[in-house]
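fold the following, please.
(one chain, ligands or ions: 2)
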Amino acid sequence: MIVVLKSNVEQSQIDWLSEKLTARGLELHSISGEERTVLALVGTNLPDPREIQLMPGVARVMRVSKPYKLASREASDETSKIPLRPNGPIVGGSQVVVMAGPCSIEGREKFLEIAAMVKKAGAGVIRGGAFKPRTSPYSFQGMGEEGLKILQEAGQMYDMATVTEVMSPRQVELVNKYADVLQVGTRNMQNFELLKEVGMQDKPVLLKRGLSATIDELLMSAEYILAGPGNAQVILCERGIRTFESSTRNTLDLSAIPVLRKLTHLPILVDPSHGTGVRTYVASMAMAAVAAGADALMIECHQNPPEAFSDGAQSLYPEQLERLMKDLSVIAPVVGKQMEGLHRRRVTNVGKAPDKGQETVGLQGLSGSFSEKAIHQYFGTETPTQSYETFGQLFDALSAGDIAYAMVPVENSLTGSIHVNYDLLLEHEELTIVGELKVRIQHNLVANAGVDINDIETIFSHPQAAAQCDVFLRSNLNWKVVNMYDTAGSAEHIVKNSLVRSAAISSLAAAERRGLKVLKEGIESNPHNFTRFLVVTQKSQTDKLEQNPDKASVVFDTADSPGALYKALECFSQNSINLKKLESRPIAGKPWEYMFYLDLEIPEEIQVLDDALEELSKQAPYFRELGRYKSAP
Ligand code: PEP
Ligand code: MN
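Ligands and ions are numbered 1, 2, ... in the order given. Model prediction:
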């Protein structure tokens, strides 16, 4: 039975409720999401739900129809977010986490070399088996505790979380001592004693689907772990099942991803290495898994796969892993995600207490806005945020040091530049760009429950969003479109005022958070709808500047004379510097004169760029560098 608590419930009320319910001999598990907390009650003698419904702090009571109670989607409609270790990658959020490494740990030097390669490719988790479940008792069985020590050393050396397999209840204590994530292998999916033992640990468990297990059986095994007193952190793994097909080692069941998404709140990892058993098939299945919504991937790799002690045929070469990570970073934004660890600056305060605002990232708009999504993609979902009503206020707060960064949209692939932010970048000379990312934008027509699309007379929207949904909005000329300051704000407006003849254009996240119904999904005129964001900070915060930039932005003006722009740009052509974007904006107070905003690729030799910019600054009446940063894929 699931008891959904009210969103404003206080901890003291939760404690009181828990006490009352456990006193009746019920077993209680608390599942806290970002938006709400639920208590799952298990036991043979469940009380009448109507009685619990009347208790203070309770919003709703539901009976769970599935045999897996704690794992079921009914227990939580948010996907569980599982941090692999403090300040480490989080599986189940907006970032796709990659766990990579060899099948088995073969020796210290070799493993540290692979760890360096995994880190370089941008994966956040290193894997490697120390206890190996081999089909033949004569095959290499793993290095045991010595291997675990090597795994831990590699994780510490390269600041990566670690995952390794534990094969028997007897090994749990030992593996727990060294690894961040405990892997239960395919052959052990129904080793119930092992499941109970890992269920007692306070460590995330990666549970692999059995060779011939159904999805329901996988979920029942997860339930064993969740039912334990210590562990609410299970990541489910699809790694291929046994079918009649023999061209691949196993048949990777990619449809398990949407099926599991529907049945459970637990995050989903896909292992295309064991799923196919063939190196050349791994990348396409990894990309398909991300496209299908996987939260994480496990990829085997090796510096010299033909000589690997185990699973060499399915292990990627270093350059294949790097290439795959780059390809994945292009695919992930299409499904609203970002690759963890790539193109991302993590906000951390290692070893010192954060000052007020030191970690906070500012945005224009409310929670559920696309700027918030951009912050989650770039900095992670745990990053504190601060909302401002206008972009002007956002820039002022950054200048005043109230926030550490601002997430600023500058360009949309359908409607072009967001000019106000170009003007603000020009105005604030003390600020600089340190990062860039692209976010897929999907708009939806949303309304209060019970409202029908035919009831709609007015649609509230941010003007940018309305422009991106132009074709849809023109399909009914009776609709009156009213501008609001952001998309999440439009959703908020119709909820607050209980409007029944109105709808809003918003993201799914903004609608879900406010309990709104989606009348029509994906109403943007073109699905290739991306917004480019810039991450802006104070120039004086030198520790926040990008160390390996590949893109720069500058702003300049030219004399009002023939060939002036041509001459200004000549220095780039002469130095073979590739220009990415040139945009002109009117100069306030000087009618018909323009500022030019230029984005360019940084050449290998940074001096070449410095010389070209020096040249430009000599000619231009006004010149300023807006920042150097890593370009978004
Ligand atoms: C492994 O991850 O190396 C492994 C043995 O996987 P599975 O349990 O999926 O065969
Ligand atoms: Mn393997």
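
only C-alpha atoms from now on, for both contacts and neighbour counts.
Will do.

secondary structure element for Ala116, which one?
helix 108-121 (DSSP states H and E).

centre of the chain to that helix, how far?
Computed by CA atoms, centre = their mean, to the nearest Å, the chain-centroid distance of helix 108-121 equals 24 Å.

what does stretch 153-169 give?
22 Å.

correct me, but Asn448 touches Leu516?
Yes - using CA atoms under 8 Å, Asn448 is in contact with Leu516, at 5.1 Å.

quick one: list the elements packing against whichever helix or strand comes after the helix holding Ala116.
Downstream of helix 108-121, the first helix or strand assigned by DSSP H and E is strand 125-127. On a contact count with 3 or more CA pairs under 8 Å, 6 or more residues apart in numbering; DSSP states H and E, strand 125-127 meets strand 95-101, helix 145-158, strand 161-165.

which neighbours does strand 125-127 have in its sheet, and in what orientation?
strand 95-101 (parallel), strand 161-165 (parallel) (DSSP bridges).

mind checking the longest strand of the protein?
strand 590-601 (DSSP state E).

name the residues of that one that come out as buried.
For strand 590-601, burial by neighbour count (16 or more other CA atoms under 10 Å) applies to Tyr594, Met595, Phe596, Tyr597, Leu598, Asp599, Leu600, Glu601.

list just the nearest of these to Phe244.
Of all those, Glu601 has the smallest distance to Phe244: 51.0 Å, by CA to CA.

quick one, what contacts the closest one?
When the contact criterion is CA atoms under 8 Å, 6 or more residues apart in numbering, the partners of Glu601 are Asp550, Lys551, Ala552, Ile577, Asn578, Leu579, Lys580.

for Asp560, grab the count of nearby residues.
Neighbour count of Asp560, defined by other CA atoms under 10 Å: 11.

which residues touch the closest residue to it other than its chain neighbours?
Among residues not flanking Asp560 along the chain, Glu593 sits closest, at 7.6 Å (CA to CA, 6 or more residues apart in numbering). Going by CA under 8 Å, 6+ apart, Glu593 touches Asp560, Pro586, Ile587.

so which residues on this protein come close to ligand 1?
Contact residues, the chain versus ligand 1 (CA under 6 Å from any ligand atom): Cys103, Gly185, Thr186, Arg187, Lys208, Arg239, His274.

go again with 8 Å.
102-104, 128-129, 132-134, 164-165, 183-188, 208-210, 239-240, 271, 274-275, 300, 311 (CA under 8 Å from any ligand atom).

filter those down to the buried ones.
102-104, 128-129, 132-133, 164-165, 183-186, 188, 208-210, 239-240, 271, 274-275, 300, 311.

in which helix or strand does the residue of the stretch 251-400 of the chain at minimum distance from ligand 1 reside?
Closest to ligand 1 within the stretch 251-400 of the chain is His274: 5.8 Å, counting by CA to the nearest ligand atom. Secondary structure assigned from DSSP H and E places His274 in helix 272-276.

just the residues contacting that helix, thanks.
Residues contacting helix 272-276 (CA under 8 Å, 6+ apart): 238-241, 248-252, 279, 282-283, 285-286, 297-300, 314-315.

got a list of what Phe192 touches?
Ser221, Tyr224.

hang on, the earlier thing: between the buried residues of strand 590-601, which is nearest Glu217?
Distances from Glu217 to the buried residues of strand 590-601, taken by CA to CA, are shortest for Glu601, at 51.8 Å.

hmm, who's touching whichever helix or strand comes after the helix holding His274?
Under the assignment DSSP H and E, the closest C-terminal helix or strand after helix 272-276 is helix 279-291. Helix 279-291 has contacts (CA under 8 Å, 6+ apart) with 96, 254, 257, 270-273, 276, 296-297, 313-316, 324, 327-328, 331-332, 334-335.

in ChimeraX, how would I select the buried members of the residues you listed?
Buried subset of the contacts of helix 279-291, written as a ChimeraX selection, criterion 16+ other CA under 10 Å:
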select :96,254,257,270,271,272,273,276,296,297,313,314,315,316,324,327,328,331,332,334,335
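
can you pull out the low-pLDDT segments for the protein?
33-36, 341-358, 589 (pLDDT under 70).

50 instead, please
Across the chain, the ranges flagged by pLDDT under 50 are 343-357.

ok, Ala503 - contacts?
Ala503 neighbours (CA under 8 Å, 6+ apart): Leu445, Val446, Ala447, Asn448, Ile456, Thr458, Ile459, Phe460, Ala491, Ile494.

any idea what it is bridged to?
Ile459.
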